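Colleague: my questions concern the predicted model and sequence given below.
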Amino acid sequence: MDFSYMSYEQFKSRFSTEDLCAQYIFHMKWPEGFICPKCSHRHAYITKTRKHPLYECSDCRYQASLISGTIMEGSRTELRKWLLAIFLVSRTDQGTTAMSLSNLIQVTYKTAWLILHKIRSFIQNSDTQSLLSGSVRIHSAIYGRPFNPSVHRHPQEHLLLVGSSSNESCDSSYIKIKHIQLSSPKERHISRNEIRTFRKQHIETDTQNVEIITGFYTPQRLRPLLEIAKQASSWINQTFHGLGAKHLQAYLDEFCYRRNLSARNISIFTHLSELCFSENGTHIQMI
């Protein structure tokens, strides 16, 4: 069920208890009913005396926790607060900061930051499984200070490669934006080695139709990709007030995740729930 149409207060009321949250998470983890991770048996005895339900396979006696294999494994934070965090991350184009999340779900700033960091790591792992294919276009871009014509890179400029898969109508069907960290702090040219690495990691090996443009002044610039990079920069700056190199990639992946799902009219909350609560959810692809 898609809850993305709800307001925050409506969603909070819908999942007001740990039992209601556990029921939803169970459905996302085992949409066809319990399946033993060890022997694939379909029946289990349920123990509810623990903080989270424990399912013991009636055949092999293997015990599976509700949160094992999910984003919450090892966490002591309430299920309700995890669900609220995922809802807040998915409900708006503006994203959610750790400070805002901390205030809304009543956890420490450190806990809020760790929850968001873990959600973004699941998004990143999912993006790794989804490769560009078909007709692929790649263009260099810059995040950071306004573009300047110097041959040297400003310390606050971060080089990017923006890649897209295009459908038959030449619309971008899947977007990736990757932060390219060069060895030289002043280097402003993305080398062939970085291009090869991008192709190896993010494009299907049998893809033949690949166009790559790395020049900032060339008349062949792929303006739609440059516009996407501009949108990503604006989103990061407006929501998070700028980022350094350390965490930039995670936020770029979050921007692309939102854009790719929205372009397909896929509920971000539903997809993110599948990603976070399914066993081995990081293998869920977006293409």
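Modeller: Right, received. Where do you want to start?

Colleague: domains in the chain, by residue range?
Modeller: 8-128+278-283, 131-243 (automatic domain parsing).

Colleague: just give me how far the first one sits from the chain centre.
Modeller: A distance of 16 Å separates the C-alpha centroid of domain 8-128+278-283 from that of its chain, computed with CA atoms, centre = their mean, to the nearest Å.

Colleague: make 733 the starting number, not 1.
Modeller: Let's use 733 as the start, then, which means that last one is domain 740-860+1010-1015.

Colleague: ok, L893 touching I909?
Modeller: Yes. Using CB atoms under 8 Å, L893 is in contact with I909, at 7.4 Å. Yep, even glycine has a C-beta here, placed from its N, CA and C like the rest.

Colleague: find residues that contact each of these two.
Modeller: Residues touching both L893 and I909 (CB atoms under 8 Å, 6 or more residues apart in numbering): A873.

Colleague: give me the residue ranges of the chain where confidence is low.
Modeller: 733, 824-825, 877-888, 899-903, 915-920, 948-952, 1012-1019 (pLDDT under 70).

Colleague: for the helix or strand hosting Y756, buried residues please.
Modeller: Remark: Y756 resides in helix 750-761, with elements defined by DSSP states H and E. Buried residues in helix 750-761, defined by neighbour count with 16 or more other CB atoms under 10 Å: C753, A754, Y756, I757, F758, M760, K761.

Colleague: which parts of whichever helix or strand comes after it are buried?
Modeller: Next helix or strand after helix 750-761 toward the C-terminus (DSSP H and E): strand 776-779. Neighbour-count burial for strand 776-779, counted by 16+ other CB under 10 Å, picks out A776.

Colleague: out of the buried residues of helix 750-761, who's nearest I998?
Modeller: M760 (15.2 Å; CB to CB).

Colleague: S1010 is in contact with that closest one, correct?
Modeller: Yes. The criterion here is CB under 8 Å, and M760 meets it with S1010 at 6.1 Å.

Colleague: which residues touch the helix holding Y756?
Modeller: By CB under 8 Å, 6+ apart, helix 750-761 touches 746-747, 784-785, 798-799, 801-802, 810-812, 814-815, 1005-1006, 1009-1011.

Colleague: just the buried residues from these, in ChimeraX please.
Modeller: Of those, the buried ones can be selected in ChimeraX as follows, counting by 16+ other CB under 10 Å:
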select :747,784,785,798,799,801,802,810,811,812,814,815,1005,1006,1009,1010
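
Colleague: can you get me a residue count around the nearest residue to K770 once chain neighbours are set aside?
Modeller: Distance criterion CB to CB, 6 or more residues apart in numbering; nearest residue to K770, sequence neighbours excluded, is Y794 at 4.1 Å. For Y794, the tally of surrounding residues (other CB atoms under 10 Å) stands at 14.

Colleague: what residues sit buried inside stretch 762-769?
Modeller: Of all the residues in stretch 762-769, those buried under the rule 16+ other CB under 10 Å are W762, F766, I767, C768, P769.

Colleague: that one: end-to-end distance?
Modeller: Terminal residues of stretch 762-769 are spaced 11 Å apart (CA to CA, to the nearest Å).

Colleague: looking at the chain, which helix is longest?
Modeller: Secondary structure assigned by DSSP state H gives helix 841-861 as the longest helix of the chain.

Colleague: how about it: buried residues?
Modeller: Quick answer for helix 841-861 (16+ other CB under 10 Å): 843-845, 847-848, 850-852, 854-856, 858-859.
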